[in-house]
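Undergrad: Take a look and give me a structure for this.
(chains A and B)
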Amino acid sequence: MPDNIEYMYMGYAAMAIIMVAMIGWIYWRYRLAAREEQLVEQFEAEERAERAAAARATPRPAPDPGTETPAVVSNSPLSEES
Amino acid sequence: MAYSPQRTRALQGLTVAAVILFAIALYLALFWVGPERTQGEVQRVFYVHLGSFLGAFLSFTATVVAGIAYLRTRNAKWDTLGLASVEIGLGLSAITVITGMTWAKPIWNTWWTWDPRLTSVAIMWLAYAAYLMLRSGIEDPERQRRFAAVYGIIAFASVLFTIIIVRIRPDTIHPVVAGPTQADPTGSFDVTDRIRDTLFFNLFTFAVITAVLIWHRIRLENLVQRVSRRKMEVLAEL
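TA: So this is what the prediction gives:
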């Protein structure tokens, strides 16, 4: 029987390296994408918080007596005033 | 996209099953089955060589199915399956080529020869590597998906060619495991019961591993696309 066990080891080692590379590649890209998603979420949350703070900080304009919205008078027959 | 807990559990279960099957397959190939009389220990590479080729074949078949389904429905999920299958198939066919080379050195006395089978498998590998490169060069998503679907279907001819070539060319030295051949291959061996059982177990294991890897790759692609969409939405709001 020929003595060629080193080639068998080489074949299995090559298979292991490619398998680990494939799985590692998927895992690494998954981690990277998940981290990126987390950053986007964080950015969105900060944006929302900033907008909310800006809305609170802006003073509401005082209503001008001349341009006040007239009261709505209903013409509906079901209205209490009719 | 939120996945149902059942699907996630199924993927986790299949992943654990694949790891266990792989451990058993390695045990069978390295310890349970004895070394082949005429070829010695290097013949044990054959189980992985054939198993990985089956995995690549299944992956590229999935690419064809995905391509046809995409062209019929225009649903992007089929494109994701096609892309995932090509990537996994390329990795598995790289295992086929490299384990074949390590076997060929002591048996044929050369790492590589331009035998019809070896040449056809090299063409197959390059055809699918080109799929990824050409695909990434197209900007418009709809065009990219359409191109990938058509290319994935056409590229499958190289897989069929690889399978058929050893059966029709009389000048190949590559052994044929199943079916008739016109050639006089170098490196054939008698298949004993243990060799056959180990081979079938390895084939089954590689089929499961292929399915698991494609499934994980699909999930990765879905995540990448979701992140990309959200980034675009955020940029649009600014």
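Undergrad: Going C-terminal from the helix or strand hosting B:Val45, what's the next secondary structure element?
TA: Applying DSSP states H and E as the criterion places B:Val45 in helix B:45-73. Per DSSP H and E, helix B:45-73 leads on to helix B:76-108 as the next helix or strand towards the C-terminus.
Undergrad: elements contacting that next one?
TA: helix A:5-57, helix B:45-73, helix B:116-136, helix B:141-168, helix B:193-237 (3 or more CB pairs under 8 Å, 6 or more residues apart in numbering or on different chains; DSSP states H and E). C-beta here means a position set from N, CA and C on the backbone, and glycine is covered the same way.
Undergrad: The helix holding B:Val45 - contacts with which helices or strands?
TA: Using 3+ CB pairs under 8 Å, 6+ apart, helix B:45-73 sits against helix A:5-57, helix B:76-108, helix B:141-168, helix B:193-237.
Undergrad: quick one on the thing from earlier: relative to B:Ser93, which of the helices and strands packed on helix B:76-108 is closest?
TA: Relative to B:Ser93, the nearest member of those by CB to CB is helix B:45-73, separated by 3.9 Å.
Undergrad: Would you indicate which residues of that closest one are buried?
TA: For helix B:45-73, burial by neighbour count (16 or more other CB atoms under 10 Å in any protein chain shown) applies to B:45-60, B:62-67, B:69-70.
Undergrad: Same question for stretch B:97-109.
TA: Buried-residue list, stretch B:97-109, by 16+ other CB under 10 Å: B:97-108.
Undergrad: Farthest pair within those residues?
TA: B:Val97 and B:Pro106 (16.8 Å).
Undergrad: Near chain A, which residues of chain B are found?
TA: Counting by CB under 8 Å from any CB of the partner chain, chain B comes close to chain A at B:30, B:35, B:37-42, B:44-45, B:48-49, B:52, B:88, B:91, B:94-95, B:98-99, B:102-103, B:105-106, B:213, B:216-217, B:219-220, B:223-224, B:226-227, B:230-231, B:234, B:237.
Undergrad: Whichever of these end up buried, select them in PyMOL.
TA: Entered in PyMOL, the line below selects the buried ones among these, by 16+ other CB under 10 Å:
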select buried, chain B and resi 35+39+40+41+42+44+45+48+49+52+88+91+94+95+98+99+102+103+105+106+213+216+217+219+220+223+224+227+230
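Undergrad: Near chain B, which residues of chain A are found?
TA: So far as CB under 8 Å from any CB goes, chain A lies against chain B at A:1-5, A:7-8, A:10-12, A:14-15, A:18-19, A:21-23, A:26, A:29-30, A:33-34, A:36-37, A:40, A:43-44, A:47.
Undergrad: With pLDDT and distance to B:Val150 added, can I get the buried residues of stretch B:97-109 in TSV?
TA: Shown next, in TSV, are the buried residues of stretch B:97-109 (pLDDT from 0 to 100; distance: CB to CB, whole Å):
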residue	pLDDT	distance to B:Val150
B:Val97	97	26
B:Ile98	97	30
B:Thr99	97	32
B:Gly100	96	30
B:Met101	96	32
B:Thr102	96	36
B:Trp103	96	36
B:Ala104	95	35
B:Lys105	95	39
B:Pro106	95	42
B:Ile107	93	39
B:Trp108	93	38
